[in-house]
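**Student:** Dropping the sequence and predicted coords here.
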Amino acid sequence: MTLLFDSFWRAVAYCLHPRVLLLSLLPLMLLAVLSLGLGYVYWDAALDVVRQWLQASAMVDSMASWLAAFGMGKLDVVLAPLIVIFAVTPLIVVVSLLAVALLMTPALTAWVAEKRFPALVRLKGGSFWGSLGWSLLSTLLALVAMLVSLPLWLIPPLILIIPPLIWGWLTYRVMAFDALAEHASQAERREIFRRHRFSLLGIGVFCGYLGAAPGLIWASGALLAAAFVVLVPLAIWIYAWVFALSSLWFAHFCLAALQQLRLEHAPASASGMEVIDLDSSPSAPPHEPLKLPNSH
């Protein structure tokens, strides 16, 4: 538990660093670029399609006629842009966050390693393609679990438990793998996953619940169309900040666990080596990487 809470407060402290705050603004820039590009190419065509659908809808036509009687006609002129915005923005957000996931996690992990674990040997047990395959497989398994468990969501208490557990499992699988990809060997990664499975799952579930907060802002943006332009970018920025906190928490936890694992298997002469932490000490001697048997 000491490692769990120590890595948490360090992650929170790092999240307040200007580097992280600036990096979390990246989704907003991606959103602006994607919005301008897609709007320039597809905006008029999308409006025409939505307006044709609204005009063909009997319910919308009746509502428009009723509003016209009170001098508030042309409902399709107001609704069409809002429908296009609501439909396109989630897609843009998902693309933005996926791009940030590829950019933020390696950068934040490298920053933590440089600041706290400069002598930690990099065994490069994971690669970009290995990480991508691991993430896709884990995501597929999580989606299958979500589909299988859908009937249980009708039971009120379970809807607050099952989805966070599934997404927490997915978060720990993906982020823990990325945090260890550069420094740990495959055997070391499997050993850390085995030893700290419940702690890593707990981090993922906590971050999953924490990630529900921006959803409330997102819903408010959908209900308050006038505030949509302000609330949705705010929600995206909070999502990115939560993602940064998750990445930093997993990086601090996993790299500290890796160093502890190697110290346990270090030679007797290095058994008294102190934990490397540049926050409190300038340097520490390097040590040999762990070579675990392949039986794990």
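**Tutor:** Ah, there it is.

**Student:** all helices of this structure, in order?
**Tutor:** Counting by DSSP state H, the chain has helices at residues 2-15, 18-23, 26-56, 58-68, 75-116, 128-149, 156-159, 162-180, 186-195, 197-210, 213-223, 228-264.

**Student:** a markdown table for the ones you listed, including distance to residue 122?
**Tutor:** Placement of C-beta: from N, CA and C, glycine included. Formatted as a markdown table, these follow (distance: least, C-beta to C-beta, whole Å):
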| stretch | distance to residue 122 |
| --- | --- |
| helix 2-15 | 20 |
| helix 18-23 | 21 |
| helix 26-56 | 26 |
| helix 58-68 | 60 |
| helix 75-116 | 8 |
| helix 128-149 | 15 |
| helix 156-159 | 42 |
| helix 162-180 | 11 |
| helix 186-195 | 12 |
| helix 197-210 | 21 |
| helix 213-223 | 34 |
| helix 228-264 | 11 |
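
**Student:** Dump the ones you listed into CSV; add mean neighbour count and mean pLDDT as well.
**Tutor:** Formatted as CSV, the helices of the chain follow (neighbours: other C-beta atoms under 10 Å; pLDDT from 0 to 100):
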stretch, mean neighbour count, mean pLDDT
helix 2-15, 16, 91
helix 18-23, 14, 84
helix 26-56, 14, 75
helix 58-68, 12, 56
helix 75-116, 17, 72
helix 128-149, 13, 84
helix 156-159, 10, 76
helix 162-180, 22, 85
helix 186-195, 18, 92
helix 197-210, 18, 87
helix 213-223, 16, 56
helix 228-264, 22, 83
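
**Student:** List the contacts of residue 3.
**Tutor:** By C-beta atoms under 8 Å, 6 or more residues apart in numbering, the contact set of residue 3 is 196, 199, 253, 256, 257, 260.

**Student:** The residues you listed: which two are farthest apart?
**Tutor:** 199 and 260 (12.6 Å; C-beta to C-beta).

**Student:** sorry, back to before: turn the contacts of residue 3 into TSV, columns for distance to residue 3.
**Tutor:** Shown next, in TSV, are those (distance: C-beta to C-beta, whole Å):
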residue	distance to residue 3
196	8
199	7
253	6
256	6
257	7
260	8
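
**Student:** What is the nearest of those residues to residue 116?
**Tutor:** residue 256 (7.8 Å).

**Student:** From residue 177, how far out is residue 189?
**Tutor:** Between residue 189 and residue 177 the distance is 7 Å, computed by C-beta to C-beta, to the nearest Å.

**Student:** Mutual contacts of the two, please.
**Tutor:** residue 126.

**Student:** Now do the contacts for the closest residue in space to residue 134 that isn't next to it in sequence.
**Tutor:** Distances taken as C-beta to C-beta, 6 or more residues apart in numbering place residue 177 nearest to residue 134, at 5.2 Å, with adjacent residues excluded. When contacts are counted by C-beta under 8 Å, 6+ apart, residue 177 touches 126, 131, 134, 135, 189.

**Student:** Taking those together, which two end up most distant?
**Tutor:** 135 and 189 (14.4 Å).

**Student:** Surely residue 202 touches residue 4?
**Tutor:** Yes: counting by C-beta atoms under 8 Å, residue 202 touches residue 4, with 7.1 Å between them.

**Student:** Residue 240 contacts residue 27, correct?
**Tutor:** Yes: because the distance of 4.7 Å satisfies C-beta under 8 Å, residue 240 is recorded as touching residue 27.
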